[in-house]
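Engineer: this one's structure only:
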């Protein structure tokens with residue numbers, strides 16, 4: 001059974017919006033650290049590395065490194081592919 005098909009985004013009992021819940025599920029499934037999960041959610045909301053740097057009080061290099069590791073763990077090569085992965089989960 002593939003990982004993607006075994007994830008359900010049923011939001012029963014959760015106060016999180018669907019996007020946040022989907023990101024949390026993907027983060028857990030793909031082994032993202034808590035900080036990577038935080039960056040992942042910001043990326044999913046359309047934020048760039050510069051915004052993430054300012055919001056999380058980290059260097060731009062660190063923000064870009066988190067983004068690269070997130071892409072690697074998710075098996076994607078671009079923001080668009082990451083968003084497509086999230087959309088697949090939301091539409092399931």
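Structural biologist: Happy to help now that I have it. Treat the numbers as computed from the prediction; the structure is a model and nothing was measured.
Engineer: helices or strands up against the helix of greatest length in the chain?
Structural biologist: For the chain, the helix reaching the highest residue count under DSSP state H is reported as helix 60-74. If contacts are counted by 3 or more CB pairs under 8 Å, 6 or more residues apart in numbering; DSSP states H and E, helix 60-74 sits against helix 34-44, helix 49-56, helix 79-91. C-beta: built from backbone N, CA, C; applies to glycine.
Engineer: In contact with residue 70, which residues are there?
Structural biologist: 32, 36, 39, 40, 43, 82 (CB atoms under 8 Å, 6 or more residues apart in numbering).
Engineer: sorry, back to before: now do the longest helix of the chain and helix 49-56, the angle between them.
Structural biologist: 110 degrees (axes from the mean of the first three to the mean of the last three CA atoms, to 10 degrees).
Engineer: Average pLDDT for helix 60-74, rounded please.
Structural biologist: When pLDDT is averaged over helix 60-74, the result is 98.
Engineer: Report the buried residues of it.
Structural biologist: Using 16 or more other CB atoms under 10 Å as the test for burial, helix 60-74 gives 62, 63, 66, 67, 69, 70, 71, 73, 74.
Engineer: Leaving out chain neighbours, which residue sits closest to the first one?
Structural biologist: Just to be clear, that refers to residue 62. residue 53 (7.5 Å; CB to CB, 6 or more residues apart in numbering).
Engineer: Against residue 39, how distant is that neighbour?
Structural biologist: 10 Å (CB to CB, to the nearest Å).
Engineer: Ok, residue 76 next?
Structural biologist: For residue 76, the distance to residue 39 - CB to CB - is 14 Å.
Engineer: For these two, indicate the residue with more neighbours.
Structural biologist: residue 39 (25 against 15; other CB atoms under 10 Å).
Engineer: The residue nearest to the more buried one when sequence neighbours are not counted: what's it in contact with?
Structural biologist: Nearest non-adjacent residue to residue 39, counting by CB to CB, 6+ apart: residue 66, 4.3 Å away. By CB under 8 Å, 6+ apart, the contact list for residue 66 reads 35, 36, 39, 52, 58.
Engineer: Give the residues shared as contacts by residue 53 and residue 39.
Structural biologist: Counting by CB under 8 Å, 6+ apart, the contacts common to residue 53 and residue 39 are residue 63.
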